[in-house]
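*Asks:* Prediction below, plus the sequence it came from.
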Amino acid sequence: MSHTLQTPWYTKTINALQLAGKGDKTQESYARSVRQLLEYVNKDPLQITEQELKDYFLYRRNTSKWSASTLNICYCGLKFFFIHVLQKQWPVFEYLKAQKEKLLPCVLNRDEVLQVLQQVHTFHNYAYLATVYTCGLRLQEALYLQTSDIDAKRMMIHVHRGKGAKDRYVPLPEETLALLRKYWATHRNPVLIFPALGRGHQNASKSKTPMAIDSVQGAFRSAKHKTTINKRRVTIHTLRHSYATHLLEEGVNIRVIQRYLGHTMLETTMVYLHLTQKGQEDAYTIINQTMKGFNHAYRSGHLS
């Protein structure tokens, strides 16, 4: 952490975020936004003017070329900091907005998912990535899974550490349960399902932390590069997108998918309607069948 955001400002920011009920990831990203600003202006935050803040936003947008999602985190973090920590309610916060990116997520079909997983040659990475896909989990949700989260009797996983600190249950496929049991037997950690293995894979049974994010991301990238798949923006999160799309294609109600993914808004889940041709392909046939009979319903000769 940079010296510019050490106490009291760092402590005040984190305290305010915690009082507002923000999750750990939000605290981290908002505090990073404040640190980046203070490193740029190199002055006490109480001395920053509204015009200087505007100039900073324009610099990040036009010179740094930050993406809309990065800008949005910056805006939200600094808006929170200036309003709730510095008590400055400036007009700029009323119209501050990043243009939304309208990129559809990349999706792999089922054969492509299997292609990638077949190129993963370490059991711990395979078990992890297979769980992400078959349960539709986010990267960190899967990493932090605990043995107590597995409800084998109900065939459900209790996700305790979801985005926005929201708990949810997701279905646990039978084959995934068998895979997790087989993998857990290799380390028998009493708490974590995917513990950090340690040097020589000797410390997994006693590890207090999960596998490293960089490790699983690297394993996924390496596996993907070994396939013939040339789709862009394929990441571990693509497995979650693929899960949702495949469920939709098989007829699972979109409201149910929304619940499994942990989406607050249905609109977030509805993006998957744009990722599948299912339903569109046979829509013409369905319309023809549904609208039959109108050709002869009206007596002939009555139409000019």
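*Replies:* Nice, I can see it.

*Asks:* how about stretch 190-208: buried residues?
*Replies:* Neighbour-count burial for stretch 190-208 flags L192, I193, F194, P195, A196, L197, A204, S207 (criterion: 16 or more other Cβ atoms under 10 Å). Quick note: C-beta positions are derived from backbone N, CA and C, even for glycine.

*Asks:* Would you mind measuring the gap between the ends of that stretch?
*Replies:* End-to-end distance for stretch 190-208, by Cα to Cα, to the nearest Å: 10 Å.

*Asks:* Other residues contacting it?
*Replies:* Here stretch 190-208 makes contact (Cβ atoms under 8 Å, 6 or more residues apart in numbering) with 124, 127-128, 142-150, 180, 183-184, 186-189, 209-212.

*Asks:* Check what pLDDT the residue nearest to W9 when sequence neighbours are not counted gets.
*Replies:* Excluding the flanking residues, the one nearest W9 by Cβ to Cβ, 6 or more residues apart in numbering is P45, at 6.2 Å. At P45 the predicted local distance difference test score is 90.

*Asks:* heads up, I number from 859, so please use that
*Replies:* Will do, 859 is the new start, and the previous item becomes P903.

*Asks:* since we're on P903, how many residues are nearby?
*Replies:* 21 (other Cβ atoms under 10 Å).

*Asks:* Tell me who's in contact with it.
*Replies:* P903 is in contact with W867, V892, L895, L896, F939, L944, counting by Cβ under 8 Å, 6+ apart.

*Asks:* 10 Å - rerun?
*Replies:* 862-863, 867, 870-871, 892, 895-896, 911, 936, 939-940, 943-944, 946 (Cβ atoms under 10 Å, 6 or more residues apart in numbering).

*Asks:* try Q909
*Replies:* W948, V950.

*Asks:* ok, now how distant is it from S891?
*Replies:* Counting by Cβ to Cβ, to the nearest Å, the gap from Q909 to S891 is 19 Å.

*Asks:* on that earlier part again, so which of the contacts of stretch 1048-1066 sit within helices?
*Replies:* H982, A985, Y986, A1000, L1001, L1038, Y1041, W1042 (DSSP state H).

*Asks:* any idea which of those residues is closest to T1086?
*Replies:* Of all the ones in helices among the contacts of stretch 1048-1066, T1086 sits closest to Y986, with 23.4 Å by Cβ to Cβ.

*Asks:* surely the closest one meets L1003?
*Replies:* Yes. With contact defined as Cβ atoms under 10 Å, Y986 and L1003 form a contacting pair (9.1 Å).
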